[in-house]
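>>> Sharing a sequence plus its predicted fold:
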Amino acid sequence: MLTQVESGDNFVIVDDLLATGGTALATLKLAEDLGGHVLASAFLIELEKLEGRKKLEEKGIKVISILTY
């Protein structure tokens, strides 16, 4: 179990749903504020019309989703 984030730690954001990207962007900001680096993000479901992928990719985050609607 991760109990402390250290500068230079790498992360992958994993969530069930990518909609607007707000939760993933907040997670990205938290990781960066703690000195970490987000390598990619993975989602079970992506709602394409809400363009959350675009917002994450603009920040340089690779996005993987299993199901898209």
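Here it is on my side, so go on.

>>> can you pull out the helices in this protein?
22-33, 52-58 (DSSP state H).

>>> Name the stretch among those helices that sits most buried.
Most buried of the helices of the chain, by mean neighbour count (mean count of other CB atoms under 10 Å): helix 52-58, with a mean of 17. C-betas here are computed from N, CA, C, even on glycine.

>>> residues in contact with it?
By CB atoms under 8 Å, 6 or more residues apart in numbering, the residues outside helix 52-58 that reach it are 18-22, 24-25, 28, 41, 46, 63, 65.

>>> Check the offset of it from the chain's centre.
With CA atoms, centre = their mean, to the nearest Å as the basis, helix 52-58 stands 9 Å off its chain's centre.

>>> Likewise for stretch 21-40?
For stretch 21-40, the distance to the chain centre is 7 Å (CA atoms, centre = their mean).

>>> Quick one: end-to-end length of that stretch, please.
End-to-end distance of stretch 21-40 (CA to CA, to the nearest Å): 13 Å.
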